[in-house]
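K.L.:
attaching a predicted model along with its sequence, questions to come.
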Amino acid sequence: MENKYLSTEVSIFCKGCGHQLIAVNTEKALNKLGLSPKDVILVTDIGCHGILDKLSSTHTFHGLHGRSAALAAGTSMGLENPKKKVIVFIGDGGSTIGLQHLVDAAVKNVNMTVIVHNNMLYGMTGGQTSGLTPEGFKTETNPAGKQYQNYDISSMLSNAGGSHVRRLVGMGDFSEELYQAFKVQGFSSVEVMEICTSYGVKFNTGKKVTDFIESAGMEIKLFPEKIRAPYKQNERDIMSSLFENIEAINVKYKNKLKKPLKIIVSGSAGEGAQLAAELFAEAAVGSGLKITKKGSYPVTVGVGFSTAELIISPKDILYTGIVTPDIFVITSNDGLNHAKAKLSKMKKGLLLIDATLNPVAVDPGVEVIQYKFRELATPRSAMFLALDILLKYVPSFPAEAFEEAIANSKIGAKFNMEVLKRAEVPKK
Ligand SMILES: Cc1ncc(C[n+]2csc(CCOP(=O)(O)OP(=O)(O)O)c2C)c(N)n1
Ligand code: SF4
């Protein structure tokens, strides 16, 4: 009979490699299941077992080492049709690297079957010790034998809540066991015990796979079944979109901008620099402009500088970084210290800086305006005043749009709008 799912007529693995037997038994089990190859998604990991992809007539997905369980879980969660079968092929090495992905899929009872190809070492890279290598097993990296016990992956997956978890010795016909696992609606796994014939046998001559299973105390069995509803709906189905709470901004004002304008604002943490930049962005959108805002501050958010890069543009913004700004707005000493490197690169443009600060040496091509932002508006509102003055001095969009955004914001009720209205605009 011609193979329907996996071409296993000719082995692509080393002679006697247990991976071949897993492929043969998987083909048989899938035949019993009777699905179309198009309804099967085989997610393979990095390792010798993964080279099987090219011989498969099912959908295949080859991920990064250890990540196949996560990829499969995502695939399974996104599938509308529970009849589709998601199968993971992973080695003991991949299971070590991606342990949490496996455990997480079992915890959530994601509808998928994991076949752990436990040949007791990293095969593809020459036989190194993995987390599943049993104590005493000799490898390239532990020639005297591993000194400590292995993770019992099947116990872990069963304890995590996997519906159907089995460990078996990879000999003969175990297609019925695979079929039983494939049938489960929920998380199932089969850990197939084998020895890599090229490296495992070489380092452990005279030993059988069962010797190590026994000495490690790993039971060959179907763990107590925990049949429960599979993870069904993903969060998107049951939660409203986070965007739903964000109100659309209507374009109410006109702008005068012909080309992109790059602005960096730099102040102190706790003095509203980020909020001022955000409301400035909102007002720009309300004036028909495109804008990007990139905030930056130390991980200790309550102290030090607080800076934001703003690009406003009449056209789409394809690059959001600012190497040299057109305009620098600095309202505090923290802000100035943080700005110094970029400020020294400015050859033209405008620097709006608080009157209490010494603007260091800037290029003569840069126009410098010192203004009493902190004194007139208090430190907490200095950045709001600075951006309002900027809009009046370099008209790009109406300051009115910015003032309206402030008035409608969470600080609107307490904000002293008179300070903005009364402030004198510097003469050109
Ligand atoms: C994150 C990461 N680490 C290491 C490697 C190198 N690497 C490629 S295959 C492999 C061994 C795979 O062993 P295993 O998962 O047990 O599968 P097997 O080859 O035995 O089937 C390793 C370590 C890699 N590709 N990615
Ligand atoms: S190196 Fe080991 S795991 Fe890889 S194909 Fe050969 S026997 Fe199999």
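P.N.:
Right, received. Where do you want to start? Ligands and ions are numbered 1, 2, ... in the order given.

K.L.:
tell me the residue of the stretch 101-250 of the chain that sits nearest ligand 2?
P.N.:
residue 123 (2.9 Å; Cβ to the nearest ligand atom). Heads up, the C-betas are built off the backbone N, CA and C, glycines and all.

K.L.:
so residue 400 sits right up against residue 254, yeah?
P.N.:
No: with contacts counted by Cβ atoms under 8 Å, residue 400 stays clear of residue 254, the gap being 10.9 Å.

K.L.:
looking at those two, which one has more neighbours?
P.N.:
residue 400 (14 against 10; other Cβ atoms under 10 Å).

K.L.:
mind checking the SS state of that one?
P.N.:
When classified by DSSP: H, G, I helix; E, B strand; the rest coil, residue 400 comes out as helix.

K.L.:
repeat that for residue 368.
P.N.:
Applying three-state DSSP: residue 368 is strand.

K.L.:
pLDDT score assigned to it?
P.N.:
For residue 368, the pLDDT comes out at 96.

K.L.:
which ones are touching it?
P.N.:
350-351, 353, 359, 362 (Cβ atoms under 8 Å, 6 or more residues apart in numbering).

K.L.:
what does residue 141 give?
P.N.:
By Cβ under 8 Å, 6+ apart, the neighbours of residue 141 are 127-129.

K.L.:
give me the element it is part of.
P.N.:
Applying DSSP states H and E as the criterion places residue 141 outside every helix and strand.

K.L.:
the contacts of residue 141 into a markdown table, with extra columns for secondary structure and distance to ligand 2?
P.N.:
A markdown table is the format used below for those (DSSP: H, G, I helix; E, B strand; the rest coil; distance: Cβ to the nearest ligand atom, whole Å):
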| residue | secondary structure | distance to ligand 2 |
| --- | --- | --- |
| 127 | coil | 8 |
| 128 | strand | 12 |
| 129 | coil | 14 |
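
K.L.:
columns pLDDT on top of these, output as TSV?
P.N.:
Shown next, in TSV, are the contacts of residue 141 (pLDDT from 0 to 100):
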residue	pLDDT
127	97
128	98
129	98
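
K.L.:
just the buried ones among those residues, please.
P.N.:
For the contacts of residue 141, a burial check counting by 16 or more other Cβ atoms under 10 Å picks out 127-129.

K.L.:
in TSV, list those along with distance to residue 407.
P.N.:
Compiled in TSV, these are given as follows (distance: Cβ to Cβ, whole Å):
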residue	distance to residue 407
127	70
128	65
129	65
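
K.L.:
so can I have JSON lines of those residues showing distance to ligand 1?
P.N.:
Formatted as JSON lines, those follow (distance: Cβ to the nearest ligand atom, whole Å):
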{"residue": "127", "distance to ligand 1": "9"}
{"residue": "128", "distance to ligand 1": "7"}
{"residue": "129", "distance to ligand 1": "10"}
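
K.L.:
which among those gets closest to residue 68?
P.N.:
residue 128 (19.2 Å; Cβ to Cβ).

K.L.:
now for residue 270, how many residues are close by?
P.N.:
Count around residue 270 with other Cβ under 10 Å applied: 15.

K.L.:
look up how far ligand 2 lies from the closest residue to it other than its chain neighbours.
P.N.:
The shortest distance from residue 270 to any non-neighbouring residue, by Cβ to Cβ, 6 or more residues apart in numbering, is to residue 302 (6.0 Å). For residue 302, the distance to ligand 2 equals 54 Å [Cβ to the nearest ligand atom, to the nearest Å].

K.L.:
where's residue 302 relative to ligand 1, distance?
P.N.:
In terms of Cβ to the nearest ligand atom, residue 302 sits 38 Å off from ligand 1.

K.L.:
pretty sure residue 231 is touching residue 110, no?
P.N.:
Yes: Residue 231 is within contact range of residue 110, at 4.8 Å (criterion: Cβ under 8 Å).

K.L.:
now the common contact residues for those two.
P.N.:
76-77, 186.

K.L.:
in helices only, show me those.
P.N.:
76-77 (DSSP state H).

K.L.:
mind listing residues that contact the longest helix along the chain?
P.N.:
Identified as the longest helix of the chain according to DSSP H is helix 18-33. With contacts defined as Cβ under 8 Å, 6+ apart, helix 18-33 is touched by 3-6, 8, 11-13, 40, 48-49, 52, 55, 85, 87, 89, 115, 117, 119, 170-171, 173-176, 178-179, 182-183, 192, 194-197.

K.L.:
which of the residues you listed count as buried?
P.N.:
Applying 16+ other Cβ under 10 Å to the contacts of helix 18-33 flags 3-6, 8, 13, 40, 48-49, 52, 55, 85, 87, 89, 115, 117, 119, 170, 174-175, 178-179, 182, 192, 194-197 as buried.

K.L.:
what about the following helix or strand past the longest helix of the chain, near ligand 1?
P.N.:
The helix or strand immediately downstream of helix 18-33 is strand 40-44, counting by DSSP H and E. No: Strand 40-44 does not reach ligand 1 (Cβ under 6 Å from any ligand atom); its nearest approach is 9.6 Å.

K.L.:
element containing the closest residue to residue 401 other than its chain neighbours, please.
P.N.:
Nearest non-adjacent residue to residue 401, counting by Cβ to Cβ, 6+ apart: residue 283, 3.9 Å away. Using DSSP H and E, residue 283 falls within helix 273-285.

K.L.:
what mean pLDDT does that helix get?
P.N.:
98.
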